[in-house]
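In: next one to model:
(2 chains)
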Amino acid sequence: KAGVTQTPRYLIKTRGQQVTLSCSPISGHRSVSWYQQTPGQGLQFLFEYFSETQRNKGNFPGRFSGRQFSNSRSEMNVSTLELGDSALYLCASSPTSGGSWETQYFGPGTRLLVL
Amino acid sequence: QKEVEQNSGPLSVPEGAIASLNCTYSDRGSQSFFWYRQYSGKSPELIMSIYSNGDKEDGRFTAQLNKASQYVSLLIRDSQPSDSATYLCAVNTNAGKSTFGDGTTLTVKP
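Out: Below you'll find the model as predicted:
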């Protein structure tokens, strides 16, 4: 099976712009979670989608949003970019949702640099 | 207090030694516990999962869980230079939410 894929892999934007990142989960996986990873804050949970519905949400401002499509692919959007949004954005998929025992499989990440 | 705390590191051990990584968590409702390894510039990959009190062994890796003490650890026996990475502890609540620790960076010196 192909793993989790994320596009683009690298992105440079300027403050005030918006950005959309894409994630394709492992075939058959229905849950997609997004994380932000920075050296200072570690790996922080953004949100989780299952069957096109947001099931869990982390403590991020409303500028961060996401959605999931019927084929389980997911996008996340960050509007009005700030310098502090520079980070590695990781997507992880798991077979279903609501199962605390499920393993998450991470994609390679999108590295976003905001200038 | 952070929800998931790991020993800050960095941790350095000689090749062949045992590396011990520790993690404590604050949510008593936590159900599942995971250790991920992350090489520099790469994404996290699962090493071990543990769900009940006690030890779980997989090759050179042993995960230990003590829910009463809200403590989970990872032991790496016969450490190899290829084990040099950042190790992330993740804790899942019953609602399926994952919280990660900040990670401990391990260096295994030949």
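
In: and chain B, which of its residues are near chain A?
Out: Residues of chain B lying close to chain A (C-beta under 8 Å from any C-beta of the partner chain) are B:31-32, B:34, B:36, B:42-46, B:49, B:51, B:88, B:90, B:92-103. (C-beta placed from N, C-alpha, C; glycine too.)

In: switch the cut-off to 7 Å
Out: B:31-32, B:43-44, B:46, B:49, B:51, B:88, B:92-100, B:102-103 (C-beta under 7 Å from any C-beta of the partner chain).

In: okay but residue B:78 is in contact with residue B:60, surely?
Out: Yes: using C-beta atoms under 7 Å, residue B:78 makes contact with residue B:60 at a distance of 5.5 Å.

In: can you select the buried ones among the residues of chain B next to chain A for me in ChimeraX?
Out: The ChimeraX selection below is limited to those of the residues of chain B next to chain A classed as buried (16 or more other C-beta atoms under 10 Å in any protein chain shown):
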select /B:31,32,43,44,49,88,92,93,96,97,98,99,100,102,103
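
In: number of nearby residues for the residue nearest to residue B:108 when sequence neighbours are not counted?
Out: Using C-beta to C-beta, 6 or more residues apart in numbering or on different chains and skipping the chain neighbours, the partner closest in space to residue B:108 is residue B:79 (4.5 Å). By other C-beta atoms under 10 Å in any protein chain shown, the residues close to residue B:79 number 21.

In: for residue A:111, same thing?
Out: That count, for residue A:111 with other C-beta under 10 Å as the rule, works out to 16.

In: over to residue B:37?
Out: Per other C-beta under 10 Å, the neighbour tally for residue B:37 reads 21.

In: what helices or strands is the helix or strand of chain B with the lowest mean pLDDT leaning on?
Out: Lowest by mean pLDDT, DSSP states H and E among the helices and strands of chain B is strand B:98-100, with a mean of 87. Strand B:98-100 makes packing contacts with strand A:42-50, strand B:85-93 when contacts are defined by 3 or more C-beta pairs under 7 Å, 6 or more residues apart in numbering or on different chains; DSSP states H and E.

In: can you rerun that using 10 Å?
Out: Judged by 3 or more C-beta pairs under 10 Å, 6 or more residues apart in numbering or on different chains; DSSP states H and E, strand B:98-100 is in contact with strand A:31-38, strand A:42-50, strand B:4-6, strand B:30-38, strand B:85-93.

In: mean pLDDT and distance to residue A:111 added to the ones you listed, as CSV?
Out: Shown next, in CSV, are the helices and strands packed on strand B:98-100 (pLDDT from 0 to 100; distance: least, C-beta to C-beta, whole Å):
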stretch, mean pLDDT, distance to residue A:111
strand A:31-38, 94, 10
strand A:42-50, 90, 14
strand B:4-6, 94, 24
strand B:30-38, 93, 14
strand B:85-93, 92, 16
